[in-house]
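Participant: let's see this in three dimensions:
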Amino acid sequence: MSTPPETCSLTSTRCTWTRCFPAGLYGAAFRCEAWGITAPAGDEAAIREMIEDGNARRVSERPDRVEVRQIWAVDRARTTYMASRERGSGTVRTDVRRPDPGNDHVGDIFDGLDRIVSAFLGVSMPGRSLKMMPGR
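Facilitator: Residues are numbered from 1 along each chain as shown. Okay, here's the model as predicted:
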């Protein structure tokens, strides 16, 4: 970091923020540990229940939950990335999606990463085309 940390504060302007990051910074990522659930492909009822439980923050109550480590990322072109690894089985899932109406990653994490990339890098991020549930 070539700029002293004292110029990087929450009250800084976008111009000051952009000086806090290396010139090659391309996006933002969020890493966490969480409970995960899956639904069989094509089982619309199970998929809807999974989404509803996620939106209602009930995943931790489900007996079929698994602990996962995840990383979610968005780049300045709004390509989105996700990787997760299940505890116990070690199953790894990855997904990369370029902006494509109807095929976007959606949810609070990606909305937040879009805002971070836009604010910190000074780029305009196109809106996401799909919500997980109608009326969300």
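
Participant: quick check: phi and psi at V92.
Facilitator: Here is the backbone geometry of V92 (degrees, to the nearest 10): phi -110, psi 130.

Participant: and the next helix or strand past the lowest-mean-pLDDT helix or strand in the chain?
Facilitator: Every helix and strand of the chain was ranked by mean pLDDT, DSSP states H and E. The lowest is helix 14-19, at a mean of 52. Remark: after helix 14-19, the chain's next helix or strand is strand 27-36, criterion DSSP states H and E.

Participant: packing partners of that following strand?
Facilitator: strand 66-75, strand 80-86, helix 108-121 (3 or more C-beta pairs under 8 Å, 6 or more residues apart in numbering; DSSP states H and E). Heads up, the C-betas are built off the backbone N, CA and C, glycines and all.

Participant: which helices and strands does the longest one pack with?
Facilitator: Put plainly, it is helix 108-121. Against helix 108-121 (3+ C-beta pairs under 8 Å, 6+ apart) you get helix 14-19, strand 27-36, strand 66-75.

Participant: switch to 6 Å and redo it
Facilitator: strand 27-36, strand 66-75 (3 or more C-beta pairs under 6 Å, 6 or more residues apart in numbering; DSSP states H and E).

Participant: average pLDDT across the last one?
Facilitator: Rounded to a whole number, the mean pLDDT of strand 66-75 is 92.

Participant: mind listing what's buried in it?
Facilitator: V66, V68, Q70, W72, A73, V74, D75 (16 or more other C-beta atoms under 10 Å).

Participant: tell me the contacts of the fourth one?
Facilitator: Just to be clear, that refers to W72. W72 sits next to F30, M82, I109 when contact means C-beta atoms under 6 Å, 6 or more residues apart in numbering.

Participant: quick check: the last one vs I116, distance?
Facilitator: I109 is 11 Å from I116, where distance means C-beta to C-beta, to the nearest Å.

Participant: where are the low-confidence patches of the chain?
Facilitator: The model of the chain has pLDDT under 70 over residues 1-24, 129-136.
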